[in-house]
Each structure stands twice: as structure tokens, then as C-alpha cells.
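S.K.: Curious how this folds, go ahead:
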Amino acid sequence: MYIKQLFTECLSEYSYYIESDGEAAVIDPLRDIEEYLAIAKERNATIKYIFETHFHADFVSGHLDLAKATNAVIVFGPECKARFKVLVGKDGEIFTLGKSQVKLLHTPGHTLESSSYLLLDENGKEQAVFTGDTLFVGDVGRPDLSQQSEILTTNDLAGILYDSLTTKIITLPDEVIVYPGHGKGSACGKNIGAEKQTTIGEQKASNYALLADNKEEFIKLVISDLIAPPKYFPLNAKINKDGYESLEILIEKGLQQLSIDDVKKRIKDFDVVLLDTRPAAKFIDGYIPSSIFVGLEGRFAEWAANVLPLNIPIVFVAEEGKEREVITRLARVGIEHVEGYLIGGFEAWKEAGEKIDLIIDIDTDELAMDIPFDDNLVVLDVRTEAEFGSGHLKQSMNIPLDNLTDPGTMADFDDNHNIYVQCAGGYRSVIACSLLKRQGIHNIRNINGGWNAILLNKEKFTIEKEEKILN
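M.R.: Next up is the predicted model:
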């Protein structure tokens, strides 16, 4: 028996390749399927099944492209309503994989079709369970992301999740390995741990939700302190249910080379978003006016889907050789309308003498000197409410980055404000600066190093806390 866990950091997503005696299955594949094909080829194995734990909302699955490439069967759990060919498995159904077996456990609650997959060795012993978004390390799946019935509420789904966990998951032997669908940082849970795997026994002893004394307490614990889900989640869930265009077709379209004149014409004649994916340090030194920055070095796909309009064509700027990666990572989160990229990148634009913009970057020493003498100074903190509540500057206002594109948000700023933008480390603040400047707000500064740098010089600042909004 062979198990390989694959982690996609910018989405905090785990997918799995499992194999026994030359037959393999992939669990929750990403949209770019090359790695799964390469593993199977290297190991001289045939991918027989594609097991989906549920209709994902945070990324677009690779089930269709992988099935087309391998003739593997796509398996979903009960209550699945897909618009393409799948095998809807039954609760308790056994799938043979070489000398091993995979047992489908219907575990609704996160969604109605949510299922876990229990791996049995050649002797029928329970070895591992792939829990998708039902059980994480230190957390459980959110019950508020897929209200698939007008009758069922978030509380109802939380109660269903409790039943799934108590009757199907924690009844497994303590030594069974738990392979979750997501790791730390995913919005599919509220406090997922950093460990890559765990065991049933470890979760029974430490997971806050599994320590609840009864269903009522479980529901209260699970639904409390949930932040709003990312705005792109409904789009991804719909794509995963309805089907999608092949990734290779999207890449071919997105790799269209555009000249400076092509880009200028598209900006002038169409409602096109210009996306700059270079590192933040390069972006702030100079960029094409009206560009939105989302750098490949951070949680690129997630933030691109949160701040970019999802129904407007995209033209992008990238470092040479990164073009295919940009399109692939956008496609992972359902952004499919990429029209091409600027040949030669920003350097070609600058060398041609075209107009450029930049962002002023300051360090914390300069911020500390400006605060006492500027009555119009406002620190815009774009971290989450929980981060802000754990500590922030007295002069700051909190607008989380994913709320900065909401209608009317820019009205919070007066023309006389001197805006200093801050996040935790400097990535999100540069995104925020690009959004502000795109809306015509130019009197801004980016705080280099963000909150981490402020804490290193905390004796120079007045720091406040708001315990009431801490998780």
C-alpha cells in the first residue's frame, strides 16, 4: 500500500494519491493534474478511481480532466447532484483497489454529499481515513458554506455533522490515521492545525469540537466565531457541480501575447482588469497605472479570487517564465477569463516611455516620527478582525482586505487623510494599496514589514487590544 499526500500551500489544500498492487486512486485532485499522472507513470500504476469528498468551494477540482486522461471513474457520495457522469456511491460501499479496499462513509454536515473514505489493508484492517472537510487537525468542517436546502439551516447542518462524526468517524479505532482535506490557513475551517495528519485517538483527546458533551454544545461551538466565507466560494462550488472547460484550453487562451498597444487598447475599449503578479518589492517600485497587485509569492490564488472581479476579462503582467503558472493558479479558483499577458512585462512598458505609477514604502521608524505631528494620519489595518483584535495601533482603523472591494468602503476616507496601510507582513498591504490607487486614492504609504515590524519597535507606538473580538 502506498500513500502520497500532496499539499498546495497557497490554498492550504491536501490531495492524495493512494495505490495498491498497481491500481491507484486520487482523492480530491487539483485542477492541474500533471503531478498525479507523473506519479502513476513513475510507479507503473493505473489510476482507477477519483474519489471526491464533496463539491469543493475553495478550489476547482481536477476530476473531469483527470477522468478524461485516465478513464478513471469519478466517485461522489450520496446526495450528489452533478451535471456530468459520476458514480454516486452508497454509504458503506466498498471499492477494490489492488489488494486493498476503500470504504465510502457518508459523512454529511459540511455539505449534504460530504463523504469520507476509509482505507482497508489486504487483511481488511482499517488503516487510514480521508476525511475531506468533515474532520481536520484540531477542527471540523464549517456547516455554513453549503446550505443546499431551503429547509436546513446552519444549525441543522451542524447537527448533521455531529451525527456524522459521532457515528462514522470517532467510532473508528484510535490508531487509524486521519488525512484531512485542508491544512492551516484554509477558510474551510476556523482554527485548523498545522500538522499534516493526525489519528482518531489524538482528535478525540484534543479537538475542541469532539470534546463537546452533547450535540447542543457541539453546534454552539462549531457555529460561533465564523467569519464570512470568501466571496468566490459559490462560483467554485457551481463550477465543480456543473463542469468546466479543459485546463489546457484555458492555458492556450491565456498565453496569448499582447503588445503594449494591445494592452492599452483593451484597457481603453473594454472593461479589463490589469493584474500584476510580480513580487511586491518590484511592484511598489513601478507598475502600470490602474493595475491590481496580487503577487505569486503569497496566497496568490486565494487573494486573486477575493479581490478581482470574477466576471471581467483579465490581462496580466508577470515575470518571464511565470506566465503558465499564473493562468494555472487562477484556474484553480475558477478565474477562467484570462485574455493574455504583456510581452516583455513591465520592463517593456517602462522602456517604451509609457506612464507608470509607484507606491511609497516607509519603515516603522518613519511612521513613528509622523504620528505625533500629523492630525490627518490614518493607519489602515487590512488584517482580519481577529488579527486586529489581538493588537493594533491606536491610530488605526480596520477594514479587512477582503472587504476593501465592497461598495462604499472607499467613502470611509476623506481627501485630507494621509493613509498608511498595514497588514501582518507586507503582502496584503500592497494589494490594498493597489486597490486604493485604482480608485483614485493616491495619498497613501505602505508600511514595510507591517505588524511584525511594528512589534519589533513596539516601544515607539501605542498599542491597543480588543479582547471582545478574539476567537
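
S.K.: And residue 462, how close does it get to residue 447?
M.R.: In this view, residue 462 and residue 447 are 15 Å apart by CB to CB, to the nearest Å. Where C-beta positions appear, they are placed from N, C-alpha and C, glycine not excepted.

S.K.: typo on my end, residue 75
M.R.: On the measure of CB to CB, residue 75 and residue 447 end up 49 Å apart.

S.K.: The closest residue to residue 395 other than its chain neighbours: which element?
M.R.: In this structure, residue 395 finds its nearest non-sequential neighbour in residue 379, 4.9 Å apart by CB to CB, 6 or more residues apart in numbering. Per DSSP states H and E, residue 379 falls inside strand 377-381.

S.K.: picking up where we left off before, any idea how many residues pack against the residue nearest to residue 395?
M.R.: Using other CB atoms under 10 Å, residue 379 has 22 other residues around it.

S.K.: Could you pull up the contacting residues of it?
M.R.: Residue 379 is in contact with 367, 393, 395, 396, 397, 420, 421, 422, 447, counting by CB atoms under 8 Å, 6 or more residues apart in numbering.

S.K.: who's more crowded, residue 462 and residue 447?
M.R.: Legend: neighbour count by other CB under 10 Å for residue 462 and residue 447, higher for residue 447 (24 against 9).

S.K.: Is residue 331 in contact with residue 248, as I believe?
M.R.: No. When contacts are counted by CB atoms under 8 Å, residue 331 is not listed as touching residue 248 (10.2 Å).

S.K.: which one of these two has more residues nearby?
M.R.: Using other CB under 10 Å as the criterion, residue 331 and residue 248 rank with residue 331 on top: 26 against 10.

S.K.: Please, which helix or strand holds the more buried one?
M.R.: Assigned by DSSP H and E, residue 331 falls in helix 323-332.

S.K.: buried set for that helix?
M.R.: Buried residues in helix 323-332, counted by 16 or more other CB atoms under 10 Å: 323, 326, 327, 328, 329, 330, 331, 332.

S.K.: And the furthest pair within those residues?
M.R.: With CB to CB as the measure, no two of these lie farther apart than 323 and 332, at 15.5 Å.

S.K.: list the contacts for residue 413?
M.R.: 378, 419, 436, 441.

S.K.: and of the residues you listed, the nearest to residue 229?
M.R.: The closest of these, once distances to residue 229 are taken by CB to CB, is residue 436, at 24.3 Å.

S.K.: Can you report how many residues neighbour that closest one?
M.R.: 21.

S.K.: got it, and residue 313?
M.R.: Around residue 313 there are 14 other residues, counting by other CB under 10 Å.

S.K.: Can you give me the distance of it to residue 302?
M.R.: Residue 313 is 21 Å from residue 302, by CB to CB.

S.K.: One more: residue 273?
M.R.: From residue 273 over to residue 302 the distance is 17 Å, taken as CB to CB.

S.K.: what about these two, which has more around it?
M.R.: Neighbour totals were compared for residue 273 and residue 302, and residue 302 leads with 24 against 21 (other CB under 10 Å).

S.K.: Tell me the predicted confidence for that one.
M.R.: pLDDT, residue 302: 94.

S.K.: Quick check: the two most widely separated of the contacts of residue 379?
M.R.: Spatially, the most separated pair among the contacts of residue 379 is 367 and 397, at 15.1 Å (CB to CB).

S.K.: Settle it for me: which of the two has more neighbours?
M.R.: Ranked by neighbour count (other CB under 10 Å), residue 367 and residue 397 place residue 367 first, with 23 against 15.

S.K.: What helix or strand is that one located in?
M.R.: Assigned by DSSP H and E, residue 367 falls within helix 364-370.

S.K.: Mind checking the pLDDT average for stretch 459-471?
M.R.: Here the average pLDDT along stretch 459-471 is 68.

S.K.: Over to stretch 164-184?
M.R.: The pLDDT scores in stretch 164-184 average 98.

S.K.: now stretch 266-274
M.R.: Stretch 266-274 carries an average pLDDT of 87.

S.K.: What are the boundaries of the helices in the stretch 201-350 of the chain?
M.R.: Along the stretch 201-350 of the chain, the stretches classed as helices by DSSP state H, counting those that start in this stretch are 215-223, 233-242, 247-254, 260-269, 280-285, 300-307, 323-332, 345-351.

S.K.: Give me whichever of those is most buried.
M.R.: For the helices of the stretch 201-350 of the chain, the largest average neighbour count (mean count of other CB atoms under 10 Å) is found in helix 300-307, namely a mean of 24.

S.K.: Check the offset of that one from the chain's centre.
M.R.: Its chain's C-alpha centre and that of helix 300-307 lie 8 Å apart, by CA atoms, centre = their mean, to the nearest Å.

S.K.: likewise stretch 22-30?
M.R.: 21 Å.

S.K.: next one: stretch 400-409
M.R.: Taking the mean of its C-alpha atoms, stretch 400-409 sits 18 Å from the chain's own mean (CA atoms, centre = their mean).

S.K.: and the end-to-end length of it?
M.R.: Distance across stretch 400-409, first residue to last, is 11 Å (CA to CA, to the nearest Å).

S.K.: Over to stretch 160-172?
M.R.: End-to-end distance of stretch 160-172: 18 Å, with CA to CA as the criterion.

S.K.: Around residue 81, count how many other residues there are.
M.R.: Residue 81 - counted by other CB under 10 Å - has 12 other residues nearby.
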